[in-house]
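[1] Mind folding the following:
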Amino acid sequence: MTDLSEDRLKFVKNKCGDLTTLQLDVTDIAQLQSTIKSFDLVICAVPGFLGFETLRRDFFECLVGGLPKVKKWPFLYKAPFSPMDVIEEYTRPARYVENGHVIVREPLTDSEFLEFEHIGTLESFNSDGLRSIIFHHAAHQKHERKNIALSGACGICSSFERNRFFQHRKNKCKRAGGKSA
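    Take a look at the predicted model:
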């Protein structure tokens, strides 16, 4: 874990002795790039404008998802926000940035299996979640976001989409007296 505040690092280290800490000023771009270069995963928890500035790098990859504590069919997923919004991400064309240009891909494609210690195999796949981040960070040469879920979730959701279970439907209800609501 990195932080500018030495006091904050000491506090966190006292809470979790196994944690490796390093004082880092994320506004020092050269130091930031040098520090994160050797890591496979970097999590940015810097708030507000400074967080956006920290993300202004050539390559940005984001894996997000709702992993349930208990594996439940049919979705194998725990929506971290509105289920309707999750479905929207799964059905809109997925937008990415490659070589500085916005690229559109089909959602629920390019599935990859990733192995995580203590968790097991998870599946990542295209979904449209970058939204306005694409335009705030247009300087990225590569910028992608994939959903991550328990293995098999992508295939199940693809099947639901192909069979139109994710389509919006307006249901008309009849009020007493036969009038539509």
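
[2] CA atoms for contacts and neighbours, from now on please.
    Will do.

[3] What ranges in the protein fall below the confidence cut-off?
    47-48, 52-58, 136-141, 168-181 (pLDDT under 70).

[4] for it, which strand is longest?
    strand 142-150 (DSSP state E).

[5] Just give me how far that strand sits from the chain centre.
    In terms of C-alpha atoms, centre = their mean, to the nearest Å, the centre of strand 142-150 is set 5 Å apart from its chain centre.

[6] elements contacting the helix or strand that comes right after that strand?
    Following strand 142-150 in sequence order, the next helix or strand is helix 153-162 (DSSP states H and E). Contacts defined by 3 or more C-alpha pairs under 8 Å, 6 or more residues apart in numbering; DSSP states H and E place helix 153-162 against strand 120-126.

[7] buried ones in whichever helix or strand comes after the strand it packs on?
    Next in sequence after strand 120-126, counting helices and strands by DSSP H and E, comes helix 133-136. Buried residues in helix 133-136, counted by 16 or more other C-alpha atoms under 10 Å: residue 134.

[8] Find out how far helix 133-136 is from the centre of the chain, if you would.
    15 Å.

[9] Likewise for stretch 107-122?
    Computed by C-alpha atoms, centre = their mean, the chain-centroid distance of stretch 107-122 equals 13 Å.

[10] May I have that stretch as PDB, with CA atoms only?
    Extracted in PDB, the C-alpha atoms of stretch 107-122 (Å, rounded to 0.1, in the frame of the first residue of the first chain):
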ATOM      1  CA  PRO A 107     -21.000  -7.100 -25.000                       C
ATOM      2  CA  LEU A 108     -20.500 -10.500 -23.300                       C
ATOM      3  CA  THR A 109     -17.600 -11.400 -25.700                       C
ATOM      4  CA  ASP A 110     -13.900 -12.000 -25.400                       C
ATOM      5  CA  SER A 111     -14.300 -14.100 -22.400                       C
ATOM      6  CA  GLU A 112     -11.200 -15.000 -20.400                       C
ATOM      7  CA  PHE A 113     -10.600 -17.200 -17.400                       C
ATOM      8  CA  LEU A 114      -8.500 -15.800 -14.700                       C
ATOM      9  CA  GLU A 115      -7.100 -17.700 -11.700                       C
ATOM     10  CA  PHE A 116      -7.000 -16.000  -8.300                       C
ATOM     11  CA  GLU A 117      -5.400 -17.400  -5.200                       C
ATOM     12  CA  HIS A 118      -8.000 -18.200  -2.400                       C
ATOM     13  CA  ILE A 119     -10.900 -17.500  -4.800                       C
ATOM     14  CA  GLY A 120     -10.400 -19.800  -7.800                       C
ATOM     15  CA  THR A 121     -11.200 -19.300 -11.500                       C
ATOM     16  CA  LEU A 122     -13.200 -16.200 -12.400                       C
END
